[in-house]
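Colleague: Here you go, sequence then predicted model.
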Amino acid sequence: MIALFWLLAAAQPAPPLPAHPAMDTRCNACHSTSAWRPVTFDHSKTGFPLEGRHLSASCRGCHRSQDFNTPVPTSCAACHQDVHTGEFGSRCRNCHDARDWASRFDAAAHQRTNFPLTGRHAAIPCEECHLDQRDRRFTRATLDCFACHQADYARTAGTTFDHARAGFDTDCKSCHFPSRFQGAIFPAHRACFQIDGGPHAGIPCLRCHTTVSTVTVTGSCSGDNFSCIQCHACSAIQGNHANVSGFQCKDRKCYECHSFTPTTGTRSRQKGAVR
C-alpha cells in the first residue's frame, strides 16, 4: 500500500516554481552560476543609476512590492524622511549627495544666504550658530554681531579698551574684521585725523592717545587725550619750523596744522605748515 502511494505520488507532475511577477525567466540577467547573490542587475538602464550608499541598499528597500516593473519614485523624499519638514524644499541634493547624509552646504553655498560667511565665520561648525540641531531647522533671521559676541564685548571689562566704559557701539563689524579681533579700526576717527593710510596707519591707539577710557563721538574733534610730541620730539621738529609763524611745540598746535592723507602719507599744507 505504501509503495503504491509513492508510485502514484511520483507520477504526479511537480508543482511549478513560483514565477516572479512581471519578470522574465532569464535568470542570468541578474544572477550568476557561481552564487545566487549578490544580484548584478544593471540599474543604470532604469534611469536611476545606483551610486554611493544606494549601491549597498537592498532591492526591497526601494521596491516594496513584488512587481519590479512598477515605477518607483526617484525623488529623495520618496525614501528619506524630510527632517527639515519642507523648510528647504524637496531638492535634497542641493545639500546632500548619495555618498553619505553629511551636508555639503559649505561656506561657498552659504554665500547665497542673507549672511555670507567670510573670515573666521567660514571655519566654524554650523551648530555653533544654528543651535537647533534636533529638528534640523536652519531658517532664521540674520543675527547682529552682538547676539553672538556679547561675551567678547563683556570680556574687555577692566582692560585698556573697556568697551562698555568707553561707550563703544555693539555693532562689532563697524570696527572689527571677520578674520580677527586684533587690528580693529575706528571709522569715526577719519573725520578728525586720517589713520587708514600714510605714516600713521597701523599705529596702536595708545601710541598717540594717553587714554581711551571714554570715547565720545561729537564730530567737533576737540579731544585733548592725544600726544604728538611723544613721537615727534620737539628737538627734531624745531628746525623744520623755524620760518613758521606762531609755531609752538605743543600737541594741540601740531594737530591744528597737520593732517595726513590715507593713501600717500604726505603732509598737507594747512595754516602755513610746511611739506
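Modeller: Good, I have the coordinates.
Colleague: what's the closest non-adjacent residue to Cys254?
Modeller: Leaving aside its sequence neighbours, Cys254 sits nearest to Cys228 (CB to CB, 6 or more residues apart in numbering; 3.9 Å). All C-beta spots, glycine's among them, are computed from the backbone N, C-alpha and C.
Colleague: mind listing what the one you found touches?
Modeller: When contacts are counted by CB atoms under 8 Å, 6 or more residues apart in numbering, Cys228 touches 208, 251, 254-255.
Colleague: Can you report how many residues lie near Ile185?
Modeller: The local packing of Ile185 (other CB atoms under 10 Å) involves 15 other residues.
Colleague: Surely it is in a helix?
Modeller: No: counting by DSSP: H, G, I helix; E, B strand; the rest coil, Ile185 falls outside a helix, being coil.
Colleague: mind listing what it touches?
Modeller: Listed by CB under 8 Å, 6+ apart, the contact partners of Ile185 are 175, 196.
Colleague: all helices for this structure, in order.
Modeller: 2-11, 59-62, 107-110, 126-129, 145-154, 163-166, 205-208, 234-237, 251-257 (DSSP state H).
Colleague: what packs against the fifth one?
Modeller: Read that as helix 145-154. Under the contact criterion of 3 or more CB pairs under 8 Å, 6 or more residues apart in numbering; DSSP states H and E, helix 145-154 touches helix 163-166.
Colleague: tell me what the helix it packs on is packed against?
Modeller: helix 145-154.
Colleague: quick one: average confidence on the helix it packs on?
Modeller: The average of the pLDDT scores along helix 145-154 is 90.
Colleague: Skip the chain neighbours and tell me the closest residue to Ala77.
Modeller: In space, Ala77 is closest to Ser90, 5.4 Å off (CB to CB, 6+ apart).
Colleague: and what of Gly52?
Modeller: Ala98 (3.1 Å).
Colleague: wouldn't Cys148 be in contact with Cys129 here?
Modeller: Yes: taking CB atoms under 8 Å as the definition, Cys148 is a contact partner of Cys129 at 6.9 Å.
Colleague: Looking at the contacts of Cys228, which is nearest Asp224?
Modeller: Asp251 (7.7 Å; CB to CB).
Colleague: That closest one reaches Gly223, doesn't it?
Modeller: No: counting by CB under 8 Å, Asp251 does not reach Gly223; the two are 10.6 Å apart.
Colleague: Find the least confident helix or strand in the chain, judged by mean pLDDT.
Modeller: The weakest-scoring helix or strand in the chain, judged by mean pLDDT, DSSP states H and E, is helix 2-11 (a mean of 40).
Colleague: picking that back up, just the buried members of the contacts of Cys228?
Modeller: For these, a burial check counting by 16 or more other CB atoms under 10 Å picks out 208, 251, 254-255.
Colleague: Could I get these in JSON lines, plus columns for distance to Ile124 and pLDDT?
Modeller: Formatted as JSON lines, the buried ones among the contacts of Cys228 follow (distance: CB to CB, whole Å; pLDDT from 0 to 100):
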{"residue": "Cys208", "distance to Ile124": "35", "pLDDT": "86"}
{"residue": "Asp251", "distance to Ile124": "44", "pLDDT": "88"}
{"residue": "Cys254", "distance to Ile124": "45", "pLDDT": "88"}
{"residue": "Tyr255", "distance to Ile124": "42", "pLDDT": "84"}
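Colleague: nearest to Gly202, of these?
Modeller: The shortest gap between Gly202 and any of these belongs to Cys208, at 11.9 Å (CB to CB).
Colleague: Grab the nearest non-local neighbour of that closest one.
Modeller: Excluding its sequence neighbours, the residue lying closest to Cys208 (CB to CB, 6+ apart) is Phe226, at 5.2 Å.
Colleague: For the one you found, list each beta-bridge partner.
Modeller: His209 (DSSP bridges).
Colleague: That one: neighbour count?
Modeller: For Phe226, using other CB under 10 Å, the count is 18.
Colleague: got the contact list for it?
Modeller: Phe226 makes contact with 208-210, 251, 255, according to CB under 8 Å, 6+ apart.
Colleague: can you name the two of those that are farthest apart?
Modeller: Thr210 and Tyr255 (13.8 Å).
Colleague: didn't Arg95 look like it was pressed against Trp101?
Modeller: Wrong residue type there; residue 95 is Cys, not Arg. No: the pair Cys95 / Trp101 is not scored as a contact, 9.8 Å apart, by CB under 8 Å.
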